[in-house]
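# following is a predicted model, sequence given first.
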Amino acid sequence: MNLKKILSVLVVAVTLLTGTIACKSKISDADLKAKVETAVQSNPNVIVEVKDGVVTLNGTVSSDDEKAKLESAAKAADAKGVKSVVNNLVVNSIPLEPIQVNTNDADLQGKVATFTKDFPTVKTTVVDGVITVTGELEQARIQALKMGLDALNPKKVDMSGIKIK
């Protein structure tokens, strides 16, 4: 009789422990993206996308070494949350001329308004040469928006306010 009680208690304990471990919350894709973006912020040409814990890096880098370091940084941003990294970074071997940053907010706002007319679900503001983007957009159009805004040569494009549809 005692053995049955002990086994019953043991089965209940194991079930509770297994349920607790299985219900452990995982990090959201948005939180994971923020961590990875912070980890790779040394290169403003890198675009980070996260879907179900799979991190995708797009953009350009100046060397194979930088490409490998950014991939490692993305993996290390959250070792448990990052399932894998798809490294689509392209090595640009041509020396780049310094980019002339557009800090004229009025000029930049006009160019931004013209460019974003094809993106009616997003709103933009320009302050001190930084373009801040908010709203909703399909995943497939995010990279086109980012690349187009980067081509306007602002100090920075902040897309942290974009929600993916």
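Ah, there it is. Worth saying up front: this structure is predicted, and the values here are computed from it rather than measured.
# please name the residues that touch Leu145.
Leu145 makes contact with 116, 119, 122, 133, 137, 159, according to C-beta atoms under 8 Å, 6 or more residues apart in numbering. (Each C-beta comes from the backbone N, C-alpha and C, glycine too.)
# quick check, it in a helix?
Yes: with DSSP: H, G, I helix; E, B strand; the rest coil as the criterion, Leu145 is part of a helix.
# how much space separates it from Ala76?
28 Å (C-beta to C-beta, to the nearest Å).
# surely Thr125 meets Thr132?
Yes: shown here, Thr125 and Thr132 form a contact pair, counting by C-beta atoms under 8 Å, at 4.9 Å.
# any idea which helix or strand in the protein has the lowest mean pLDDT?
helix 2-22 (a mean of 66; mean pLDDT, DSSP states H and E).
# quick one: name whatever helix or strand follows it.
Counting by DSSP states H and E, the element after helix 2-22 in chain order, helix or strand, is helix 29-39.
# so what touches that next one?
By C-beta under 8 Å, 6+ apart, helix 29-39 touches 27, 48-53, 55, 73-74, 76-78, 81-82, 160.
# which of these are buried, as a ChimeraX select command?
A single ChimeraX command selects the buried members of the contacts of helix 29-39 (16 or more other C-beta atoms under 10 Å):
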select :27,48,49,50,53,55,73,74,77,78,81,82
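# in strands only, show me the contacts of helix 29-39.
48-51, 55, 160 (DSSP state E).
# dump those residues into a markdown table; add distance to Asn104 and pLDDT as well.
Shown next, in a markdown table, are these (distance: C-beta to C-beta, whole Å; pLDDT from 0 to 100):
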| residue | distance to Asn104 | pLDDT |
| --- | --- | --- |
| Val48 | 29 | 91 |
| Glu49 | 31 | 91 |
| Val50 | 34 | 91 |
| Lys51 | 37 | 92 |
| Val55 | 35 | 93 |
| Ser160 | 24 | 88 |
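# in TSV: these, plus distance to Thr15.
Converted to TSV, the ones in strands among the contacts of helix 29-39 look like this (distance: C-beta to C-beta, whole Å):
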residue	distance to Thr15
Val48	39
Glu49	38
Val50	33
Lys51	33
Val55	34
Ser160	41
